[in-house]
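S.K.: this is the structure alone, sequence omitted:
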């Protein structure tokens, strides 16, 4: 399991960096670095070696190029409602694992906090089940049952 880093190694007399979490939606397409340089009209000095990557356009219109591994770690396809539900379910599963670990960690929570978190986990599990069912219903072929004819007596 990956350990969370809650403090930056940068510490100056004026600032201490603390974690921020954010999400944004971007438009992107796979594009090799040399092609992206032509498209953007500038040289790209990527910190990550390699030429595979994505041309990225941000909501404010700014366009850049991102190395494949960096981009795919940060972004998941979200063109359809099924894509978005899959992202939501993956995020929820991650939160369920973290909350479950907290429930069973000794001396981390008071009795009341642990009880509240158990109630929250129950709701999270139900929400995950609903998301899973919605994804399944949206992706599996629907079956219809032919009408049954009965003999007249």
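M.R.: Nice, thanks for sending it over. None of the values given here were measured: they were computed from a predicted structure.
S.K.: give the other helices and strands that the lengthiest helix in the chain contacts.
M.R.: Using DSSP state H, we find that the single longest helix of the chain is helix 111-139. Secondary-structure packing of helix 111-139 (3 or more CB pairs under 8 Å, 6 or more residues apart in numbering; DSSP states H and E): helix 81-104. Every C-beta, even on glycine, is put in place using the N, C-alpha and C of the backbone.
S.K.: my guess is residue 93 contacts residue 128, does it?
M.R.: Yes: contact criterion CB atoms under 8 Å: residue 93 and residue 128 qualify, at 6.6 Å.
S.K.: just want the most central residue of the protein.
M.R.: residue 87 (4.7 Å; CA atoms, centre = their mean).
S.K.: which non-adjacent residue is nearest that one?
M.R.: residue 76 (5.1 Å; CB to CB, 6 or more residues apart in numbering).
S.K.: which SS class is the one you found?
M.R.: Following DSSP: H, G, I helix; E, B strand; the rest coil, residue 76 is assigned to coil.
S.K.: ditto for residue 37
M.R.: helix.
S.K.: residue 26 versus the nearest residue to it once chain neighbours are set aside, what's the distance?
M.R.: Among residues not flanking residue 37 along the chain, residue 44 sits closest, at 5.5 Å (CB to CB, 6+ apart). According to CB to CB, to the nearest Å, residue 44 and residue 26 sit 17 Å apart.
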